[in-house]
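In: below are the sequence and a predicted model for it; my questions follow.
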Amino acid sequence: MRGEDQHAAGKDRGAPGKECGDVRPAPAASSRTAGAKARAGIIAPRFVFTVTMSDAAPAEHEADLYWMRRALDLAAQAAAAGEVPVGAVVVRDGVELGQGCNGPIAACDATAHAEIVAIRDACATADNYRLPGATLYCTLEPCAMCAGAIGHARIARVVYGADDFRAGAVHSIFAVLDEPRLNHRVTHTGGILAEESAALLRTFFRARRAPQE
Ligand SMILES: [Zn+2]
């Protein structure tokens, strides 16, 4: 579905993206209902994964899965480095232009989200500050900063995994990519391999909360 999210059913999770909490399953409910509850403080989730019934063409959906697995590998690398596990990759015409692991702690850089790192890498590869026709895959719904950068880079499409109810700027908190007052539209698809993305986050935060030896 171009230009809007494709969320069918949802589960809640808690945990803060770039500084998190927990990921917990919620009662069966639509993602919208779960999101409303989260925003109302009835439940305390941050990340929510939704099961997506993608209406992308089969070949496109297969490509989405392939590149999201690549982004998940990068998220795992972030976790191994002690950073919140989020990964991103920028692809155009079936070719990877850039990659990024979330890494603000090691870089002492609040802007070092996976998407920003991947966009910088892709722009360097393309030798161009804009990336028309490119798709950015990210394991977590982009925040407002990253959504802004996606627009500035003129990226054509965003595919992401888990929703982020506390900071997501595709549909959870803001809808930056659909903002009619901005002159660049970005199509987006959420919920691709969202469970895997959420599992990485859940494991990471559980380990971080566990008593240290
Ligand atoms: Zn971000």
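Out: It's in.
In: hmm, the longest helix that the chain contains touching the ion?
Out: Counting by DSSP state H, the longest helix found in the chain is helix 58-80. No: Helix 58-80 is not in contact with the ion by Cβ under 5 Å from the ion; minimum separation 12.7 Å. (C-beta placed from N, C-alpha, C; glycine too.)
In: then that helix to CSV, C-alphas only?
Out: The C-alpha coordinates for helix 58-80 follow below in CSV (Å, rounded to 0.1, in the frame of the first residue of the first chain):
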residue,chain,number,x,y,z
PRO,A,58,5.2,-10.7,-4.5
ALA,A,59,8.6,-9.8,-5.9
GLU,A,60,8.7,-6.5,-4.1
HIS,A,61,7.6,-8.2,-0.9
GLU,A,62,10.4,-10.8,-1.2
ALA,A,63,12.9,-8.0,-1.7
ASP,A,64,11.5,-6.2,1.3
LEU,A,65,12.1,-9.4,3.4
TYR,A,66,15.6,-9.8,2.0
TRP,A,67,16.7,-6.3,2.9
MET,A,68,14.9,-6.2,6.2
ARG,A,69,16.9,-9.3,7.2
ARG,A,70,20.0,-7.4,6.2
ALA,A,71,18.8,-4.5,8.5
LEU,A,72,18.2,-7.0,11.3
ASP,A,73,21.8,-8.2,11.0
LEU,A,74,22.9,-4.6,11.4
ALA,A,75,20.7,-4.3,14.4
ALA,A,76,22.3,-7.3,16.0
GLN,A,77,25.7,-5.7,15.4
ALA,A,78,24.5,-2.7,17.3
ALA,A,79,23.4,-4.9,20.2
ALA,A,80,26.7,-6.6,20.2
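In: touching the helix or strand harbouring residue 151 from outside, list them.
Out: Applying DSSP states H and E as the criterion places residue 151 in helix 144-152. Residues from elsewhere that reach helix 144-152 (Cβ atoms under 8 Å, 6 or more residues apart in numbering): 111, 113, 115-116, 119, 136, 138, 142, 158, 167, 169-170, 173-174, 176-177, 182, 184, 186.
In: of those, which are in range of the ion?
Out: Among the contacts of helix 144-152, the ion is touched by residue 113 when using Cβ under 5 Å from the ion.
In: now the buried members of the contacts of helix 144-152.
Out: For those, a burial check counting by 16 or more other Cβ atoms under 10 Å picks out 113, 115-116, 119, 136, 138, 142, 158, 167, 169-170, 173-174, 176-177, 186.
In: in helices, which of those residues fall?
Out: 115-116, 119.
In: same list, these, but as JSON lines with pLDDT please.
Out: Formatted as JSON lines, these follow (pLDDT from 0 to 100):
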{"residue": "115", "pLDDT": "98"}
{"residue": "116", "pLDDT": "98"}
{"residue": "119", "pLDDT": "98"}
